[in-house]
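> Quick one, fold the following:
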Amino acid sequence: MELSSKLGRQMAYKKKLEEEYRLAEEKRRAGTKSKKGYGRQNRHSTEVIDDEEDKQRELDILKQKKREEEENKKEAYHKEKEKLVRKREEYTARAEQFSELKKKRIKERNEIQKSKQNILEEDDIWAELENILKENEIALKDLENYRRIVEISEKEEEIKPVSKPAWGWRPRSDYGLTGSCNR
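Numbers count the residues shown, from 1 in each chain. Predicted coordinates for the structure are as follows:
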């Protein structure tokens with residue numbers, strides 16, 4: 001944007017100079033015509049030649065000024081362009097550093113989250129282990145209670161003789177079966 005507006009100003013300035021040059025040229029022509037006529041009337045050709053030489057010198061001076069101005073403009077443009085290129089390089093370097101820092105921060109955050117998650121998982125593992133141990137303790141207590149009940153029931157069976165019910169029930173041992181069912 002900045003370069004295009006600068007070029008626009010330079011072009012406008014160039015047009016202004018050309019217009020001034022054109023007007024100055026017209027004034028000189030108008031002035032030289034009258035001098036030429038005067039010179040012809042008096043037959044002084046040296047005045048006409050002097051006027052033409054002066055005119056040529058002024059043209060050369062104006063052309064030289066234009067060239068110098070254009071060279072200065074080109075030089076200023078190139079300096080500005082170089083400055084912009086340097087600034088762009090600085091900005092890209094800064095942007096690269098910023099992106100690297102951002103990547104590092106994101107990587108560090110991810111590592112922290114992973115370590116937190118691992119800690120939580122380890123806590124979960126320890127909690128799971130504690131739950132398993134508690135479940136095993138409960139199962140052991142249940143098994144202990146069951147063993148006691150079985151022992152008590154075995155003692156009671158030893159104490160009570162097996163009686164036959166009135167409807168004709170007999171223990172399996174009476175049928176010749178020892179524990180498995182043959183159907």
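> Let me know the average pLDDT across the helix ranked longest in the chain.
The single longest helix within the chain, with elements called by DSSP state H, is helix 45-159. Computed over helix 45-159, the mean pLDDT rounds to 87.
> Work out which residue lies at the spatial centre of this structure.
Per Cα atoms, centre = their mean, the C-alpha nearest to the average position across the chain is that of S99, at 6.8 Å.
> How many residues are close by E53?
10 (other Cβ atoms under 10 Å). To be clear about C-beta, it is placed using only N, CA and C from the backbone, and glycine gets the same treatment.
> Please apply the same query to R105.
When neighbours are counted by other Cβ under 10 Å, R105 registers 10.
> go on, E157?
The number of residues near E157, taken as other Cβ under 10 Å, comes to 10.
> what separates it from A30, distance-wise?
149 Å (Cβ to Cβ, to the nearest Å).
> ditto for L59
To A30, L59 is 16 Å away according to Cβ to Cβ.
> out of the two, which sits in the more crowded spot?
Neighbour tally, L59 and A30, criterion other Cβ under 10 Å: the higher count belongs to L59, 14 against 10.
> For R147, see how far away the more buried one is.
128 Å.
> Then L120?
When distance is defined by Cβ to Cβ, L120 is 40 Å away from R147.
> swap in E128?
Taken as Cβ to Cβ, the span from E128 to R147 is 28 Å.
> again with K87
Look at K87 and R147: by Cβ to Cβ, they are 87 Å apart.
> Could you do E137 as well?
Here the criterion is Cβ to Cβ. By it, E137 lies 15 Å from R147.
> got it, and K16?
Distance, K16 to R147, by Cβ to Cβ: 115 Å.
> How about E135?
Here E135 is placed at a distance of 18 Å from R147 (Cβ to Cβ).
> Also Y77?
Going from Y77 to R147 by Cβ to Cβ gives 102 Å.
> Those two: which is more packed in?
More crowded of Y77 and R147, by other Cβ under 10 Å: Y77, with 14 against 10.
> What pLDDT is listed against the closest residue to that one other than its chain neighbours?
In space, Y77 comes closest to K6 once its chain neighbours are excluded; the distance is 7.3 Å by Cβ to Cβ, 6 or more residues apart in numbering. pLDDT for K6: 85.
> can you check the one 10 residues further on too?
Here the pLDDT value assigned to K16 is 92.
> burial measure for K83, as a count.
10.
> residues touching it, list them.
Contact analysis of K83 by Cβ atoms under 8 Å, 6 or more residues apart in numbering lists nothing.
> any idea how far it lies from Y77?
Noted for K83: a distance of 11 Å to Y77, by Cβ to Cβ.
> try A24
A24 sits 27 Å away from Y77, going by Cβ to Cβ.
> again, but for F98
To Y77, F98 is 31 Å away according to Cβ to Cβ.
> Check E53 too.
Per Cβ to Cβ, E53 is found 36 Å from Y77.
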